[in-house]
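>>> with the sequence up front, the predicted model follows.
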Amino acid sequence: MIIMLDVSRVTSKGQVTIPIEMRRKLGIREGDKVIFMEQAGNIIIANAAMVALKEAQNAFAGEAERLGLFGEQDVVDLVKETRREMWGERHGGNA
């Protein structure tokens, strides 16, 4: 189902004002970037930061379980271990 929410006019420079209600729904503020995507012959406008976040979430899906991270303390322990390893690599194991 398609719901018509608002209309905007294209300027001679190809610029379009995104109606305030659409900006609110998309979480777009001044200075934010938007992305235009094509899907099934339709053009979709989205908050670029939100699209990037979703892509990152999808890319990392299942990684926590794969690494054995089941809680906050597991993550803290992993960070500490990684820091120890990096310190050892950079300083020849001198702690």
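Yep, it's here. Numbering: from 1, shown residues only.
>>> remind me which helix or strand residue 49 belongs to.
Using DSSP states H and E, the element containing residue 49 is helix 48-60.
>>> list the helices and strands that helix packs on?
Applying 3 or more CB pairs under 8 Å, 6 or more residues apart in numbering; DSSP states H and E, we find helix 48-60 packed against strand 34-39. Glycine gets a C-beta too; all of them are placed from N, C-alpha and C.
>>> could you check the angle the strand it packs on makes with helix 48-60?
Orientation of strand 34-39 against helix 48-60 (axes from the mean of the first three to the mean of the last three CA atoms, to 10 degrees) gives an angle of 60 degrees.
>>> pairing partners for strand 34-39, with directions?
Sheet pairing of strand 34-39 (DSSP bridges) gives strand 42-47 (antiparallel).
>>> quick one: the strand it pairs with to chain centroid distance?
Counting by CA atoms, centre = their mean, to the nearest Å, strand 42-47 is centred 15 Å from the centre of its parent chain.
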